[in-house]
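Enquirer: Please work out how this folds:
(one chain, ligands or ions: 1)
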Amino acid sequence: MTSLTNRIAVVTGATSGIGAATAGALTAEGARVAAFGRREDRLKDLDALPIAVDVQDRDAVHAAADRVRAELGRPDLVVANAGVMLGAPFEEADPAEWDAMIGTNVTGLLHTARAFVDDLLAAAAEGRPADLVLVGSVGGHQTFVNYGVYCATKAAVAHLTRNLRAELGPRGVRVKNVEPGMVSTELGDGMRDTSVRDSLNQWRAGLETLRSEDIAAGIAWAAAAPARMNVAEMIIVPTTQG
Ligand SMILES: NC(=O)c1ccc[n+]([C@@H]2O[C@H](COP(=O)([O-])OP(=O)(O)OC[C@H]3O[C@@H](n4cnc5c(N)ncnc54)[C@H](OP(=O)(O)O)[C@@H]3O)[C@@H](O)[C@H]2O)c1
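Expert: Numbering: from 1, shown residues only. From the prediction side, this is the model:
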């Protein structure tokens, strides 16, 4: 028996970085995991039920949730992790990039939470642990020049977490906000603004960044806590990020 035996989990954004590591960590701890992401080829590398889905598409997310219930059962651990970060000076930003960040980091996360909330409430009503893990960022409470819209999406995640905690906590669902600092992943690779992308890479090279597995370990640990205990807010930063 490992700490998450008998748990059924869903991880969005599981094709790379923190999501892929989290799917691996939850599987290693005994959970059965459904992995969501758009790049289907990458999902197949995981030891998980692969489901190709764009979280911005509400109907597709609900169809994916039906597949999870049919093939694995009702999830009791949902990690809404899919996200994009497209930095640019505000006056030069392409509003389509704002749409992508808001559509994925906020609306996509809402579609995910909504698609599984009844499953989480049902698990909690049976006295079992039930977790809704929302992946935010330290950008949700710190300022980063050229990343205003990204940070605003993560501030939305932080305040949504607090509100859903108030709403769902009394019914036994543990809503959590995990806020990573600098983690070396593919995040930002798709940035159109090359100077902002270059400074991100320099910034990452200038300190010992975290590994995706570090965040995944935090999520797996929090999910394995007794049902009475909610690790509601978890800030995990590289030591030298300060
Ligand atoms: N890396 C950091 O320093 C850091 C710091 C703070 C917070 N975070 C947050 O951590 C989360 C994971 O990021 P990461 O660093 O692991 O970056 P990443 O390696 O780029 O992973 C992002 C994941 O999100 C998925 N995704 C993006 N748009 C999607 C969509 N519309 N539908 C479904 N999946 C989508 C991507 O998969 P597909 O492209 O295959 O769909 C990918 O699996 C994000 O929410 C990010 O904001 C990261």
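Enquirer: any idea which helix is longest in this protein?
Expert: If you go by DSSP state H, the chain has its longest helix at helix 148-168.
Enquirer: That one - what's its average pLDDT?
Expert: Per-residue pLDDT values across helix 148-168 average out to 98.
Enquirer: Which other helices and strands does it contact?
Expert: Helix 148-168 makes packing contacts with helix 95-101, helix 109-125, strand 131-135, strand 174-180 when contacts are defined by 3 or more CB pairs under 8 Å, 6 or more residues apart in numbering; DSSP states H and E. (Each C-beta comes from the backbone N, C-alpha and C, glycine too.)
Enquirer: Tabulate the ones you listed in JSON lines, adding columns for distance to residue 83 and mean neighbour count.
Expert: Rendered in JSON lines, the data for the helices and strands packed on helix 148-168 read as follows (distance: least, CB to CB, whole Å; neighbours: other CB atoms under 10 Å):
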{"stretch": "helix 95-101", "distance to residue 83": "8", "mean neighbour count": "16"}
{"stretch": "helix 109-125", "distance to residue 83": "8", "mean neighbour count": "20"}
{"stretch": "strand 131-135", "distance to residue 83": "7", "mean neighbour count": "26"}
{"stretch": "strand 174-180", "distance to residue 83": "10", "mean neighbour count": "24"}
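Enquirer: Same list (those) but as JSON lines, adding mean pLDDT.
Expert: Conversion of the helices and strands packed on helix 148-168 to JSON lines gives the following (pLDDT from 0 to 100):
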{"stretch": "helix 95-101", "mean pLDDT": "98"}
{"stretch": "helix 109-125", "mean pLDDT": "98"}
{"stretch": "strand 131-135", "mean pLDDT": "99"}
{"stretch": "strand 174-180", "mean pLDDT": "98"}
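Enquirer: Can you tell me which of these is nearest to residue 213?
Expert: Closest approach to residue 213 among the helices and strands packed on helix 148-168 (CB to CB): strand 174-180, 11.9 Å.
Enquirer: Show me which residues of the protein are close to the ligand?
Expert: By the criterion of CB under 6 Å from any ligand atom, the positions of the chain lying close to the ligand are 12-19, 37-39, 54-56, 81-85, 104, 108, 135, 137, 180, 182-183, 185-187, 212.
Enquirer: and those residues, which of them are in strands?
Expert: Among the residues of the chain next to the ligand, the subset assigned to strands under DSSP state E consists of 37, 135, 180.
Enquirer: thought residue 235 was touching residue 154?
Expert: No: taking contacts as CB atoms under 8 Å, residue 235 lies outside contact range of residue 154: 11.9 Å.
Enquirer: of those two, who's got more company?
Expert: Looking at residue 235 and residue 154 with other CB atoms under 10 Å, you find the greater number of neighbours at residue 154, namely 25 against 15.
Enquirer: how about the nearest residue to that one, chain neighbours excluded?
Expert: In space, residue 154 comes closest to residue 140 once its chain neighbours are excluded; the distance is 3.5 Å by CB to CB, 6 or more residues apart in numbering.
Enquirer: I'd assumed residue 157 was in contact with that neighbour.
Expert: Yes: Residue 140 is within contact range of residue 157, at 6.1 Å (criterion: CB under 8 Å).
Enquirer: Thanks a lot, see you next time.
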